[in-house]
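Student: Sequence first, then the predicted structure, then my questions.
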Protein chains: 2
Amino acid sequence: MAEDTAAPVRTGPPQDLSWLLATAFRAHLSALRGAVGDLPHGARGYGALREAAEPTPRNQAELAKLLGLDRTVMVYLVDDLEAAGLVERVPDPNDRRSKLIRATPAGLARMCELRQATAAAEAELLADLSPAETELLHTLLRRIAARGARYDQAHECQVDENQC
Amino acid sequence: MAEDTAAPVRTGPPQDLSWLLATAFRAHLSALRGAVGDLPHGARGYGALREAAEPTPRNQAELAKLLGLDRTVMVYLVDDLEAAGLVERVPDPNDRRSKLIRATPAGLARMCELRQATAAAEAELLADLSPAETELLHTLLRRIAARGARYDQAHECQVDENQC
DNA sequence: CAAAGAATGTCTGTGCGGCAGATTATTTGT
DNA sequence: ACAAATAATCTGCCGCACAGACATTCTTTG
């Protein structure tokens, strides 16, 4: 019998940035889902609650832009979080149209638990990385995310596809 | 009037790993969508075609596990790619149940174009990173993705949530 | 060797979620 | 003062994902 591993072809998973990002993101999402438990909209609700717990609350439009969601989606997202008693819609003193999404005391308490749970989940996900590497990953992702923010505003993702 | 930027609170986007990963992933996805054009299922179809273009074809179940999709989703994904003449279902000689998904010559040609388009899109996304940093990002993500593969198999994402 | 169990691919139905569009109220620009 | 833009909401429709059942084939076990 000849060697069955003699071929120089790749047998494992792909290594593109596209697969790596998607897989890392899915893994993180999976870990996050386990950590947030029965929070109304899972990881999405966590992101909203996290922003609502900030000292300077934002309105739904800003929140939607930040989380990459549609405006209409924010309505029932905040609806459900509000029904759970975690956030509240407080009128913006500077603009009577907009409503600021602010965490209630119960929401802040829940956020405290969530911070620990998600931190533990992330630590488990990054267990193979040293603290310095974790910090480095943050820095690299931050620069990509900063550039990515421009993608949403200008949808010109055109690439030259005239040659092959 | 007092300074409106004197407060020590964060005013920009959040910096958690969760937001960074999601935003970087969304930015990449947006760039990818622009690059793949009218490919049947967008970035998802690209992932499937990319694997189909490998020298060692996989069956739908393996493909689904690799892309993080449900088995039933693979059916119409491959259906549409097959209808577009990009891939074909070839019977597995070792297992008459499974069908290997292999790229057609037209699919390989399309993949050649896609590789250039997506590479250009990724280069634009990573424009702020040096080649060494890009390589480093790949390495870090690879280690996270490798650990993430275990998440799918064992769904035990339990974290201690007894304290606060 | 026979039978039970597991795996692959496919189909059907159901439900949830997202997106477009219209609506109301309010702000901003000219 | 009027027009245009913006924030939030509601309605309705489309699409996709997931559960379940089914036919076929492989594997394990008695």
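Tutor: Nice, thanks for sending it over.
Student: Stretch A:22-37 near chain B anywhere?
Tutor: Yes: remark: stretch A:22-37 sits within contact range of chain B at A:22-28, A:30-35, A:37, by C-beta under 8 Å from any C-beta of the partner chain. C-beta here means a position set from N, CA and C on the backbone, and glycine is covered the same way.
Student: Any buried residues in that stretch, and which?
Tutor: Neighbour counts using 16 or more other C-beta atoms under 10 Å in any protein chain shown place A:22-36 of stretch A:22-37 among the buried residues.
Student: Including secondary structure, could the residues of stretch A:22-37 next to chain B go into a markdown table?
Tutor: A markdown table is the format used below for those (DSSP: H, G, I helix; E, B strand; the rest coil):
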| residue | secondary structure |
| --- | --- |
| A:Ala22 | helix |
| A:Thr23 | helix |
| A:Ala24 | helix |
| A:Phe25 | helix |
| A:Arg26 | helix |
| A:Ala27 | helix |
| A:His28 | helix |
| A:Ser30 | helix |
| A:Ala31 | helix |
| A:Leu32 | helix |
| A:Arg33 | helix |
| A:Gly34 | helix |
| A:Ala35 | helix |
| A:Gly37 | coil |
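Student: how about those in CSV, adding pLDDT?
Tutor: Listed next are those as CSV, based on pLDDT from 0 to 100:
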residue, pLDDT
A:Ala22, 92
A:Thr23, 92
A:Ala24, 93
A:Phe25, 92
A:Arg26, 91
A:Ala27, 91
A:His28, 92
A:Ser30, 90
A:Ala31, 90
A:Leu32, 91
A:Arg33, 90
A:Gly34, 89
A:Ala35, 92
A:Gly37, 89
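Student: who does the biggest helix by length in chain A touch, helix- and strand-wise?
Tutor: Scanning chain A for the longest helix, with DSSP state H as the assignment, gives helix A:131-153. Counting contacts by 3 or more C-beta pairs under 8 Å, 6 or more residues apart in numbering or on different chains; DSSP states H and E, helix A:131-153 packs against helix B:17-36, helix B:105-125, helix B:131-153.
Student: now with 10 Å?
Tutor: If you count contacts as 3 or more C-beta pairs under 10 Å, 6 or more residues apart in numbering or on different chains; DSSP states H and E, helix A:131-153 packs onto helix A:17-36, helix A:60-67, helix B:17-36, helix B:105-125, helix B:131-153.
Student: Show me the one of the ones you listed that comes nearest DNA strand D.
Tutor: Nearest to DNA strand D, of all the helices and strands packed on helix A:131-153, is helix A:60-67, at 3.2 Å by C-beta to the nearest atom of the strand.
Student: pLDDT at the residue nearest the centre of chain A, what is it?
Tutor: For chain A, the residue nearest the mean C-alpha position is A:Gly47 (6.3 Å; C-alpha atoms, centre = their mean). In this model, A:Gly47 is scored at 95, pLDDT.
Student: so A:Arg97 is in which element?
Tutor: If you go by DSSP states H and E, A:Arg97 is part of strand A:95-103.
Student: how far does the lowest-mean-pLDDT helix or strand in chain A sit from the chain's center?
Tutor: When the helices and strands of chain A are scored by mean pLDDT, DSSP states H and E, helix A:131-153 comes last with a mean of 83. Per C-alpha atoms, centre = their mean, to the nearest Å, the displacement of helix A:131-153 from the mean C-alpha position of its chain is 13 Å.
Student: Mind checking if stretch A:11-20 is in reach of chain B?
Tutor: Yes: contact of stretch A:11-20 with chain B (C-beta under 10 Å from any C-beta of the partner chain) involves A:Thr11, A:Gly12, A:Pro13, A:Pro14, A:Gln15, A:Asp16, A:Leu17, A:Ser18, A:Trp19, A:Leu20.
Student: what kind of secondary structure is the second one in?
Tutor: When classified by three-state DSSP, A:Gly12 comes out as coil.
Student: Could you list the low-pLDDT ranges of chain A?
Tutor: A:1-10, A:148-164 (pLDDT under 70).
Student: where does it come near DNA strand D, residue by residue?
Tutor: Residues of chain A lying close to DNA strand D (C-beta under 7 Å from any atom of the strand) are A:59-61, A:71-72, A:74-75, A:78-79, A:89, A:95, A:97-99.
Student: and if we set it to 10 Å?
Tutor: Contacts of chain A with DNA strand D, taken as C-beta under 10 Å from any atom of the strand, map to A:58-65, A:70-79, A:82, A:89, A:91-92, A:95-101.
Student: Just the element for the residue nearest to A:Ala106 when sequence neighbours are not counted, please.
Tutor: Spatial nearest neighbour of A:Ala106, chain neighbours left out: A:Gly85 (5.1 Å); criterion: C-beta to C-beta, 6 or more residues apart in numbering or on different chains. Using DSSP H and E, A:Gly85 sits in no helix or strand.
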